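> sequence plus predicted model, see below.
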Amino acid sequence: SSSKTTTSEKKEITVAVSPTFKDMANAVKKEFDKDGYVLNVKVFDDNVLPNVALQEGSVDINFFQHGIYLEQFNKNKGTNLAAYDEKGVIKYFMGIYSNKIKSLNELKEGDKVSIPNDPSNRGRALKMLENNGLIKLKQGAEIPTKLDIIENPKKLDFIEMDVLKIVPSINDVQVGCVNSIIAVQGGIDPKSALGLEEDKESQRYAIVVAVKKEQGNEKYAERFTKALKTDGFKSFLAEKYKGAIIPLF
Amino acid sequence: MSESIYELIHTIVIPEFSKTLYMVSVATVLSAIVGTVLAIVLIITHKEGLKPNNVVYQLLNTVINIIRSFPFIILIVAIIPLTRAIVGTSIGENAAIIPLTIAGAPFVARIIESSLREVDKELIEAVKSFGASNFQIIFKVMLPEAVPSVISGITLAIISILGSTAMAGVVGAGGLGAVAITYGYANFDNTIMYGTVCILIILVQVIQSLGNFLYKALK
Amino acid sequence: MSESIYELIHTIVIPEFSKTLYMVSVATVLSAIVGTVLAIVLIITHKEGLKPNNVVYQLLNTVINIIRSFPFIILIVAIIPLTRAIVGTSIGENAAIIPLTIAGAPFVARIIESSLREVDKELIEAVKSFGASNFQIIFKVMLPEAVPSVISGITLAIISILGSTAMAGVVGAGGLGAVAITYGYANFDNTIMYGTVCILIILVQVIQSLGNFLYKALK
Amino acid sequence: MIEISNLQKSFNERKILKNISFTIDDGEICGLVGRSGAGKSTLLRCINGLESYDAGSLKIDGFEVKNHSEKEIRQFRKNIGMIFQSFSLMERKTVYQNVALPMECWGYGKEEIDKRVKELLKIVDIEDKIHEKPRSLSGGQKQRVAIARALTLHPKILLCDEATSALDPKTTQSILLLLKKINETLGIAVVFVTHQMSVVRQICHKVCILENGEIMAKGAVNEVFMDQPQSLRNLLGENEEVILPQDGVTIKISYSGENVNDRLLSDMAQKIGVGFSLVWAKTEKYRDTVLGFVIINVDKNHISLVDKYLNDVGARWEVLTNE
Amino acid sequence: MIEISNLQKSFNERKILKNISFTIDDGEICGLVGRSGAGKSTLLRCINGLESYDAGSLKIDGFEVKNHSEKEIRQFRKNIGMIFQSFSLMERKTVYQNVALPMECWGYGKEEIDKRVKELLKIVDIEDKIHEKPRSLSGGQKQRVAIARALTLHPKILLCDEATSALDPKTTQSILLLLKKINETLGIAVVFVTHQMSVVRQICHKVCILENGEIMAKGAVNEVFMDQPQSLRNLLGENEEVILPQDGVTIKISYSGENVNDRLLSDMAQKIGVGFSLVWAKTEKYRDTVLGFVIINVDKNHISLVDKYLNDVGARWEVLTNE
Ligand SMILES: Nc1ncnc2c1ncn2[C@@H]1O[C@H](COP(=O)(O)OP(=O)(O)OP(=O)(O)O)[C@@H](O)[C@H]1O
Ligand SMILES: Nc1ncnc2c1ncn2[C@@H]1O[C@H](COP(=O)(O)OP(=O)(O)OP(=O)(O)O)[C@@H](O)[C@H]1O
Ligand SMILES: [Mg+2]
Ligand SMILES: [Mg+2]
């Protein structure tokens, strides 16, 4: 499914996704697969290699990341990827969940707080914790890490783990920070959060469709975006994610 | 996703199962070949080997250890340029075979090395005594004598490689392990997770039985 | 992230290194004990063993294969209830030790089983001939005779366990492998990634040298 | 006492032991000889239960080996020492540890073990290798370690499978003397598989000849060797073919312990005045007797005189002919 | 031709071979005897370069074993067959495959291999086990396979390390005849390490006695056995201690091939009228001669007559005393 140097028009398009987004990509396949087009959904159990694959041309577009991560990736890896629509198509939010306490005020000194260990989720979680008055971060950290915590009055014990492990191990911590998609998939009502991310933060992390610049793949991104921005997809989100994912169209 | 088990089996399990088989078998064959060659070089160049050469031995020994030190995911990333040079892409089943082989070969090498080291010294001397070359000593005597333990070692290696294919999902290679992780674990879908694991269990059982059968036949 | 290498080493590398050491050593010891026991039971109950018992043998054999079939990350999740029952929590180093042991023990069992199977039958008969009990045959004869290959097998197992800690780390246990992946790989920081891998390489080299040294001393 | 009756044993449908029956009393040393592959080692392994048997009975002190619990078998094996044809030593243990192993298994005290092991290693003359591993021992040294190991537990029955085959004559001698002493003082029974007839003659009370899994001859050693049954001749081959002189008559006169000192030959020369030349002579010492023969050559015309004389004195004799 | 001069070899600082020097010509069979641990196997292993040596020279047909390339060594080993004390067969291969291995390694054709292997297995009489693995062979059967394997390549030199120790007398006999035949027809040199003196007597031209890593005696077999040097006596021990009569004088008269048919004894009885009783007698056949002795007992008062008579006829004799 290489996209380079196609003489006759290419109709088989490959989109790279991470496990979280594969159901969404599959949901728009029916809409996309018209006029002889075929959408291949390639799942990467990782957040780095879908971009690597896009850069090397092994896939045509990808759909799993937010604009900030994409920028960061370009900067660090010297890639030239771009969001097709910088505003993004969907967004979701980070929340603080617990099976043990009813309010953040109940947090005691030394309590365990699980946070994701991938950079963007971790950064969002920390910013959310700051926003809820639990910690203070160094000024100007774009994607903060534990090292950027300058004040931690309750001496919370932050445990970094795979974002997917946060839900199964929620009983082993006082509170867990996880985004709404993971929460809903893990059986937690996204609206039961004890604290949330600022809405403008969530907006910054809207998910975009990415392409490699100047390869002429924008038309596939456009087609894919169009397939996403339908009422059918909207109701799919509402039914499946129960408000965890907010469409931006 | 678990709406229709039948569809699931048809669209996911069967194709992913064949991908797994493909990756495991190609990677096993390659690992076995590379690993055996490495093991033989290790055995030959060892201090008490047929042609001691400490420089080669230490070098190889270190390289093997270095490769074995890489967490698999980092190995995958670290060798992307190599993978791309060999198979033209860094994603998909074929691309996964390269890191699987590179991780598998040192494992096989260690196992075969330790099997070969156990071959009776006196037997090797007897074979030397009628003028067998080092090549013949290895291939006509040491390997055949060590065959049962080599086989149980390779069985172990196949199962390890199968375990690694689950991680090969990070390069979009698919396969049953990846299904279990991406469709099951990441989707919190226990049916798929344990369903695919069951298939893996059967696969492992088959590999093990085959290994045992060969072991018995050759012992 | 790499602004202050010193701080990084101090706050991350050193504590994570000791976490890795802790997890690897405890899990190795436990795996070795459990694995050895399993291997002995396999050897004893095998058709040509000291006390053939096909039911026990097949049962154990199957259980080992089932465990070995689980992709490690799924194993971690699948046994969360067990982990919690044993260490009271499913997160942290102590919790990681349980899946590490459960994955390591069958591996060790297979390796020791295959080493024990290679012990000279005639020697075992000689020992039987003066009335040694099965227990003594195993512990005074088979294990001591197989010690070198057991040691190189356990070296292999330790390195595998070290590889698994990287994955265990990803789900919350920390350790060097996790640092390499989450702070290095996922953060696009090659310094940390290859830096921690270098430490792992040294660690593996040390383990291997230790294994080789013991092998030589005991051969 | 070992009582074997109608013992049968097959490997893959091939009968290896067929209807073996014999008895060895306490205090008896029984030689078991036979051609290579006759089934000697297999029989020995049946005796201490390492090999099962298909039919027949094998009783040690009334204990039927086949049908007993593992624990009983262990206890019973404690009293049976076995020296294996292939030595079977532990490669990773020292000579000392190898010999100490049986006592360790039976829970003897450290000091007792130490004393016994050192004593035995001294007896088999391998004290200087006490801390070596089998890898650096010569063949004979390994065999001596195996012998020492078999004796540690003061067995009541000793099974020796070619236990002196790798030893030089002098060492063999001293080992045989040792076994003889143990046999005489402690009354242990010994089954000694060997290809060295001198060993059989020297220490065995009786001998069984095994041929293709069957006992073809058995009895007191000197009798069997005097009788020279076909099975013995099959085993020995034409060991030392005597080249008989062309002229004259060649006569073989056998003698045994009682008459060896008789002046038979000089009397013959003096009393009937018949001259003879000595063709061949052999005297062999057995455990407790001396047997032998001389082959002489006399002129043809003296034969009737010699005939009468030898018959008169009651000698055991025969005329030998070429072919 | 094997020329060894001043060969020295140590294991862990302990000298195992000290100043070994001897020569074996083409077509010669040399027996190498000595007590267990004397260094016989080590010397044999030095000869085909399996063991290096510290000093001295070891030349095979002028080829100094020590300083040659691996390829030359291989070629050279092709011409040297070795039968190992411990058999060293491949456990996972059949008898046929074991014997075929050397020829396979040297790239012989399938048919040629098949012919040779079957021929050899027939010679060592183990055809019926052709497709068995060593595990199911008896000790002697394994040894015969090892013998066959050593002969496959038609070696010019054959090194045998106790090659008949596990064989019964008749099989030993036939193997020795085989070796003798090969030796005579093809002129190959054989070094035969053994503990069986009968083997040395039967096929060896010469013999070397090794004691603690030194050659203490060497020479033609019959001479060494006649001379009975101290080293030989050390090796044999007091093999068959003759119980000498209390009364009278006991005299040992040795004879060799040439005078064995002489009527020495009957002449003595008739000519000087001295009666004697036979105490002991032994005749032994060597490769190409017969040696022996008789021990007789005469009355005390006849001793001077006997003395004069034996000296007159030039007999080799001595008076034996108790102790
Ligand atoms: N495990 C086995 N499987 C099949 N056949 C066997 C097995 N063990 C022995 N045999 C066969 O049984 C026969 C008797 O073997 P055994 O070892 O008792 O002979 P042996 O009299 O001790 O001979 P040797 O003097 O050569 O040691 C041989 O023909 C041998 O091939
Ligand atoms: N690899 C080794 N390391 C140390 N010592 C050794 C080694 N091999 C042999 N020896 C020693 O060298 C001496 C000679 O051994 P060798 O095997 O040559 O004896 P041998 O004459 O063949 O005896 P046997 O008749 O008992 O086979 C022995 O004392 C033995 O312990
Ligand atoms: Mg035998
Ligand atoms: Mg030897």
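Received the coordinates, thanks. Numbers count the residues shown, from 1 in each chain, chains lettered A, B, ... in the order given. Ligands and ions are numbered 1, 2, ... in the order given.

> give me the below-cutoff pLDDT ranges for the stretch 201-323 of chain D.
Within the stretch 201-323 of chain D, the segments meeting pLDDT under 70 span D:238-242, D:257-261, D:322-323.

> from ligand 1, how far out is the closest residue to ligand 2 within it?
Closest to ligand 2 within the stretch 201-323 of chain D is residue D:202: 20.2 Å, counting by Cβ to the nearest ligand atom. Yep, even glycine has a C-beta here, placed from its N, CA and C like the rest. If you measure residue D:202 against ligand 1 using Cβ to the nearest ligand atom, to the nearest Å, the figure is 19 Å.

> that residue and residue D:172, how far apart?
Residue D:202 sits 9 Å away from residue D:172, going by Cβ to Cβ, to the nearest Å.

> shared neighbours of those two, anything?
When Cβ atoms under 8 Å, 6 or more residues apart in numbering or on different chains defines a contact, no residue borders residue D:202 and residue D:172 alike.

> circling back: the residue of the stretch 201-323 of chain D closest to ligand 2: neighbour count?
23 (other Cβ atoms under 10 Å in any protein chain shown).

> with the one 5 residues further on instead?
The number of residues packed around residue D:207, counting by other Cβ under 10 Å, is 25.

> need phi/psi at it.
phi -140, psi 140 (degrees, to the nearest 10).

> hmm, it is touching residue D:221, no?
Yes: the criterion here is Cβ atoms under 8 Å, and residue D:207 meets it with residue D:221 at 5.0 Å.

> now do the shared contacts for those two.
D:31, D:200.

> measure residue D:194 to ligand 2 for me?
In terms of Cβ to the nearest ligand atom, residue D:194 sits 17 Å off from ligand 2.

> can you get me the start-to-end distance on stretch B:172-183?
End-to-end distance for stretch B:172-183: 13 Å, by Cα to Cα, to the nearest Å.

> near chain A at all, that stretch?
Yes: Stretch B:172-183 is in contact with chain A by Cβ under 8 Å from any Cβ of the partner chain, via B:172, B:174, B:178, B:181, B:182, B:183.

> ok now do the residue in chain A that ligand 3 sits nearest to, which residues does it touch?
Relative to ligand 3, the nearest point of chain A is residue A:45 (62.4 Å; Cβ to the ion). Contacts here follow Cβ under 8 Å, 6+ apart; on that basis residue A:45 touches A:18, A:19, B:167, B:169, B:170, B:178, B:181, B:182, B:186.

> would you check that the third one makes contact with residue B:71?
Read that as residue B:167. No: between residue B:167 and residue B:71 there is no contact under Cβ under 8 Å: 9.5 Å.

> quick check on the residue minimising distance to the centre of chain A: phi, psi?
What sits nearest the mean C-alpha location of chain A, by Cα atoms, centre = their mean, is residue A:65, with 5.4 Å. Here is the backbone geometry of residue A:65 (degrees, to the nearest 10): phi -120, psi 160.

> tell me the SS of the residue of the stretch 201-323 of chain D closest to ligand 2?
Secondary structure, DSSP: H, G, I helix; E, B strand; the rest coil: residue D:202 is helix.

> element containing the closest residue to it other than its chain neighbours?
Nearest non-adjacent residue to residue D:202, counting by Cβ to Cβ, 6 or more residues apart in numbering or on different chains: residue D:176, 5.7 Å away. Assessed by DSSP states H and E, residue D:176 sits inside helix D:169-186.
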